[in-house]
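Asks: Could you look at this predicted model? Sequence included:
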Amino acid sequence: MKAIVYKEECTACGDCVEVCPVEAIEVVDEVAQVDDNCTLCGLCVDACGYEAIGLPEVLTVETEDIESYKGVWVVAEHHGGEVNSVSFELLGAGRMLADKLEVELAAVLIGDQLQDAANQLIGYGADRVYLAEHPGLEPFNDESHANVLTELIQQKKPDILLAGATAMGRSFIPRVAVAVRTGLTADCTGLDIGDDGLLYQTRPAFGGNVMATILCPNRRPQMATVRPMVMRKPAFDSARQGVVENFTPSPEAVSSRVKVLETVTQPQETARLTEADVVVTGGRGLQKAENFKLLEELALLIDGAVGATRSVVDEGWMSYSHQVGQTGKTVSPKLYLACGVSGAIQHVVGMQGSEIIVAVNKDPNAPIFDVVNYGVVSDLFEFLPALVKKIKEQRG
Amino acid sequence: MHIVVCIKQVPDAKNVRIDPETCTLVRQGVDSIVNPHDWYAVEAALRFRDEYGGKVTALTMGPPQAEEALREILALGVDEAVLLSDRAFAGADTWATSLTLARAVNKLGPVDLVICGKQAIDGDTAQVGPGLAAHLDQPYTTYARRLELLDDDQLLAERITDKGYEVVKMPLPAVVTVVREIGDPRMPGLKHKMRARKQAIPVLGAADLDLSPEEVGLQGSYTQVVKVFSPPPRCGREMLSGTPEEQAEKLLKLLKEAKVQGI
């Protein structure tokens, strides 16, 4: 299998040759030719300005009894009963999908002592909550939670299943997808129902440099993890009515070969990076560890989290848990404020999904200014204190 | 102790930059690199072997040129390398990839521990490690920053979570994915470099893994890419001029208009 060239459209411009990461394309006799090295990554499809190249379709995998799968599910993530806000965001997205398909929206809650959380999920839009409670299901354990969710899917057969693309969701949902033999799309930023009734799942790839829309045509449920902070959280309605349906998992499902010996919650500022509305990141321009106090003061003032570039972490000025970028965390807050950050592509791929990007840098030619909404060419040691002062003044 | 480390050859992100004129992303060149996260997986595997004995086999699935990536890894002191390459493997999603890798691990067996990087930088899915564990029906953990073999031959792992960290233990054989904090990758040694150049790297195809063409690659995938497109460019940037005080004031006004919470 390889990319297909539509010869009549091809202008032999060579753009596809340039972008192919495996050197699988060359122009021969005025037309692009794809060889067997093709990995079907799709970069050439995006690069072609003439729609002269495409990917083959998958149609040969077994099609099972798709019609019997109904409803949209959201797997609720919680820590000891405190529901993660991404789950509420997913109920908002799930509501839209369920309404389009005219089906029920259900939430799945796995753990122990979760009645309050169940009611909360109903208030945020769930018509039904599947509640699997067992002392052995608390705290979270990849294996037992995957087992229970697998049993629930096999019995209740949802059409669509969404979970947060958090460390937890990205860790245990892939196991469930394999167990129920279906496809899973990671870290989606867009979801919609097509005219064909299928779930169109859009996600960034190649570090956000291209977007891909993905289908799971022949297996059910259609499963996706969804990036936090992307979908809008619906309003809470305490009067909303819904059904809480208890589910008793089998004893085998509750057991796990993996034992959780210790769960440690670390200070807020290190953990909140992927959930905060505002991320204030410092780069090498901060010059030394002590200067991060400037960022911490600002972050505290505007309820933000503090991020760091790789070089800052390498210097030991901040811990790895703060690192944003290719080998750190990917964040997409409402506001990303980069201070003294040069803007290496490895950093940019970890933050370019942010809604508003602001950079403060002394060097007007720093590459970071290529990706900003607002650029501030200034000495950050003058600008940041001025910003903090103004915020305080305006608050009175 | 037989440790398998799974790696992937990926396009180099350095070849991507933003054209400030058009605000579009420009990709240049065709350089391939070893997935940056996988260096930590290799380092974790080598440290584990050096501490507890045994051998490390590097495994990758990819086009024939992925052999270069394996030679780079061999130069770090990995003992053996196996390339899974077959025209039929092309276009594999995470289901088909993890199935193919799982079959290969079984073929190499008995294997005590499989180590993967936390994710690959091209797909960014982080699904192959957990998927591989599921296909192998083995316990696993993700985002590990410390690994230790206990006296009862169980694996102890410290893993980072969104809220902090967790300590877990599990029997072997098992699968783990690791993060950067596991330790910085070592430099290639001269002796290993020489060996890496010459060492035979077996190539296995679908038939060698007892997989039919329908079970692998695009044919064996449950998900299908129907559209690939460039994200909307971030255009219309505004540079804020004036003294630092004036700049701060302008920025606050803009952020207030955009209704950023906390401002």
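Replies: In hand now; what should we look at? Residues are numbered from 1 along each chain as shown, chains lettered A, B, ... in the order given.
Asks: quick one, helices of the stretch 151-300 of chain A?
Replies: With helices called from DSSP state H, counting those that start in this stretch, the stretch 151-300 of chain A shows them at A:167-179, A:251-254, A:268-271, A:292-301.
Asks: Save those as a markdown table, and put in mean pLDDT, distance to chain B and mean neighbour count too.
Replies: For the C-beta atoms, the positions are set from N, CA and C on the backbone; glycine is no exception. Compiled in a markdown table, the helices of the stretch 151-300 of chain A are given as follows (pLDDT from 0 to 100; distance: least, C-beta to the nearest C-beta, whole Å; neighbours: other C-beta atoms under 10 Å in any protein chain shown):
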| stretch | mean pLDDT | distance to chain B | mean neighbour count |
| --- | --- | --- | --- |
| helix A:167-179 | 96 | 4 | 25 |
| helix A:251-254 | 95 | 13 | 15 |
| helix A:268-271 | 51 | 5 | 16 |
| helix A:292-301 | 93 | 8 | 18 |
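Asks: Point to the helix or strand of chain B where mean pLDDT is at its lowest.
Replies: Of all helical and strand segments in chain B, the minimum by mean pLDDT, DSSP states H and E falls on strand B:24-27, at a mean of 54.
Asks: likewise chain A?
Replies: Across the helices and strands of chain A, mean pLDDT, DSSP H and E gives its lowest value to helix A:268-271, namely a mean of 51.
Asks: hmm, back to that, what lines up beside whatever helix or strand comes next after the least confident helix or strand of chain B in the sheet?
Replies: Sequence order places strand B:32-34 as the next helix or strand after strand B:24-27, per DSSP states H and E. Partners of strand B:32-34 in the sheet, by DSSP bridges, are strand B:9-11 (antiparallel).
Asks: low pLDDT regions in the chain?
Replies: If you meant another chain, say so; for now it's chain A. Along chain A, the model assigns pLDDT under 70 to residues A:58-64, A:207, A:209, A:267-271.
Asks: To clarify, I was referring to chain B.
Replies: B:13-30, B:232-235.
Asks: What segments of it are helices?
Replies: B:36-52, B:67-74, B:94-108, B:128-136, B:190-198, B:244-257 (DSSP state H).
Asks: which of those is buried the deepest?
Replies: Sort the helices of chain B by mean neighbour count, taking mean count of other C-beta atoms under 10 Å in any protein chain shown, and helix B:128-136 sits at the top with a mean of 27.
Asks: just checking, what packs against that helix?
Replies: helix A:167-179, strand B:2-7, helix B:94-108, strand B:113-117, strand B:140-149, strand B:174-178 (3 or more C-beta pairs under 8 Å, 6 or more residues apart in numbering or on different chains; DSSP states H and E).
Asks: Please write out the alpha-carbon positions of the third one in PDB.
Replies: Just to be clear, that refers to helix B:94-108. C-alpha atoms of helix B:94-108 as PDB (Å, rounded to 0.1, in the frame of the first residue of the first chain):
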ATOM      1  CA  THR B  94      -1.700   2.000  16.700                       C
ATOM      2  CA  TRP B  95      -3.800  -1.200  16.700                       C
ATOM      3  CA  ALA B  96      -1.900  -2.800  13.800                       C
ATOM      4  CA  THR B  97       1.500  -1.500  15.100                       C
ATOM      5  CA  SER B  98       1.100  -2.800  18.600                       C
ATOM      6  CA  LEU B  99      -0.200  -6.100  17.300                       C
ATOM      7  CA  THR B 100       2.800  -6.500  15.000                       C
ATOM      8  CA  LEU B 101       5.300  -5.500  17.700                       C
ATOM      9  CA  ALA B 102       3.600  -7.900  20.100                       C
ATOM     10  CA  ARG B 103       4.000 -10.800  17.700                       C
ATOM     11  CA  ALA B 104       7.700  -9.900  17.300                       C
ATOM     12  CA  VAL B 105       8.200  -9.800  21.100                       C
ATOM     13  CA  ASN B 106       6.700 -13.200  21.300                       C
ATOM     14  CA  LYS B 107       9.000 -14.400  18.500                       C
ATOM     15  CA  LEU B 108      12.000 -13.000  20.300                       C
END
